[in-house]
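Using only what follows, build the 3D model:
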Amino acid sequence: MEAVLTRLGDAFVRFMCRTHGISPLRTVIAIADRMPELGAKFYQSGPARGISTLKAYLEGQVAAGVLKPHDCEVVAAQFIDSCLSMTFKPMLFNAAGPPTDEQISRVVRTAVRTFLSAYEQAS
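Numbers count the residues shown, from 1 in each chain. Now for the predicted structure:
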């Protein structure tokens, strides 16, 4: 679990923190009020898909007895958001540049430890 979540968190943060990917996302957010169907379509094809994929993985781990039963959809979203909280979000608001490798590692490692301490079955 730890290795899978660490790889996922690291890869996802690196993908989201690409400097050329921020501007289009800001544009979608800016026009979502005027074009809600565009915002909804973007959300369904991106964030909702990621949450759904992680949810399915977590449900499999619950079924295998690796994780305690929990609301896998909420927890998937929380894990993803915790990986982005101090990496991607400052970039989104133009408050910082891309995170360093060390910062990504620190944030993802903390997200994984928090997740496992809450949901991993005791051995």
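
Show the model's pLDDT score for residue 76.
Residue 76 is assigned a predicted lDDT (pLDDT) of 98.

what's the answer for the one 3 residues further on, then?
In the prediction, the pLDDT value recorded for residue 79 is 98.

and it, how many neighbours?
23 (other CB atoms under 10 Å). All C-beta atoms are positioned from the backbone trio N, CA, C, and that covers glycine.

going forward, begin numbering at 675 instead of 1
Yep, numbering from 675; the last one is residue 753 now.

Leaving out chain neighbours, which residue sits closest to it?
Nearest residue to residue 753, sequence neighbours excluded (CB to CB, 6 or more residues apart in numbering): residue 789, at 5.4 Å.

now residue 795: how far from residue 762?
Counting by CB to CB, to the nearest Å, the gap from residue 795 to residue 762 is 30 Å.

For this protein, which element, helix or strand, carries the lowest mean pLDDT?
Least confident helix or strand of the chain, by mean pLDDT, DSSP states H and E, is helix 693-705 with a mean of 93.

Remind me what the helix or strand following that helix packs against, helices and strands.
Using DSSP states H and E, the helix or strand that follows helix 693-705 towards the C-terminus is helix 710-719. If you count contacts as 3 or more CB pairs under 8 Å, 6 or more residues apart in numbering; DSSP states H and E, helix 710-719 packs onto helix 693-705.

That'll do, ta.
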